[in-house]
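> the following block contains a protein sequence and its predicted model.
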Amino acid sequence: MSTTQPMPASRSGARPKDPDRRERIARAAIAVVAERGIEKLTHRAVAAAAGVPLGSTTYYFASLDDLLAEALRHAAADDVAQLREWAAGIGESDDFAAALADLVLHYLGPELSRTVVEHELYVAALHRPALRHVSTEWDQALAELFTARTDPVTGKVLSGLFCGLLLQGVVRESVPTRDEIEILFRRVLHPDAKS
């Protein structure tokens, strides 16, 4: 049975008593990764964090890879939704390079713990092939978001730069200055301009 299918209804045709349990378990996995790291993720830890019996986690997710894939899917969907909301608030006349610099610093400041967890889940795809398609979908959504403001090639370059800056920011002790970040985005958006 595919782990992406919803829980079957009971024999009487009644709806499940806890229709949000699958999502709650996946989101609990994100919380466990945030607290303990991806290597200490277990069905038992997730069940405790979600407040469900251990059997529920293995019912919905036969393996930890299945659980991680769903957690990554939720993290990606949340992130893309937040980015779309951010993009909708930027006017055509606004300075896009400055807005991108502010966004990077937001992810490396107030949203740092979430950024770390998202990167742990994303990087897990290196050794867990089941996660690769979700990581790829996340990359495509991010590139499409930036492409909507620029063009396909520039959108992909902005996506790569954005992700690279976040990855560097979560592993280094110091974060680049806002000016340093803005200069990089400005160079991509206006390659012929002198910086």
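Nice, thanks for sending it over.

> got any ranges where this structure has weak pLDDT?
Applying pLDDT under 70 to the chain flags residues 1-16, 194-195.

> domain assignment for it?
As assigned by automatic domain parsing, the chain contains the domains 9-62, 66-189.

> ok, for the spatially most central residue of the chain, nearest residue in space, not its chain neighbours?
For the chain, Ala76 is the residue whose C-alpha lies nearest the centre (Cα atoms, centre = their mean; 3.4 Å). Nearest residue to Ala76 in three dimensions, chain neighbours excluded: Trp138, at 4.0 Å (Cβ to Cβ, 6 or more residues apart in numbering). To be clear about C-beta, it is placed using only N, CA and C from the backbone, and glycine gets the same treatment.

> please identify the helix or strand for that neighbour.
helix 132-147 (DSSP states H and E).

> now for that helix, which elements pack on it?
helix 64-88, helix 152-171 (3 or more Cβ pairs under 8 Å, 6 or more residues apart in numbering; DSSP states H and E).

> tell me the helices and strands packed up against the shortest one.
In this case it means helix 152-171. Going by 3+ Cβ pairs under 8 Å, 6+ apart, helix 152-171 lies up against helix 96-108, helix 112-123, helix 132-147, helix 178-189.

> do the same with the longest one
In terms of contacts (3+ Cβ pairs under 8 Å, 6+ apart), helix 64-88 is packed against helix 21-36, helix 43-50, helix 96-108, helix 112-123, helix 132-147.

> residue contacts, Val117?
30, 33-34, 75 (Cβ atoms under 8 Å, 6 or more residues apart in numbering).

> sorry, that was for Leu64
Counting by Cβ under 8 Å, 6+ apart, Leu64 touches 41-43.

> turn these into JSON lines, including neighbour count and distance to Val170.
Listed next are those as JSON lines, based on neighbours: other Cβ atoms under 10 Å; distance: Cβ to Cβ, whole Å:
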{"residue": "Leu41", "neighbour count": "22", "distance to Val170": "18"}
{"residue": "Thr42", "neighbour count": "15", "distance to Val170": "24"}
{"residue": "His43", "neighbour count": "19", "distance to Val170": "27"}
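
> which one of those residues is nearest to Pro110?
Leu41 (24.9 Å; Cβ to Cβ).

> check the gap between the closest residue to the closest one other than its chain neighbours and Tyr59 for me.
Excluding its sequence neighbours, the residue lying closest to Leu41 (Cβ to Cβ, 6+ apart) is Val32, at 5.4 Å. Distance from Val32 to Tyr59, counting by Cβ to Cβ, to the nearest Å: 18 Å.
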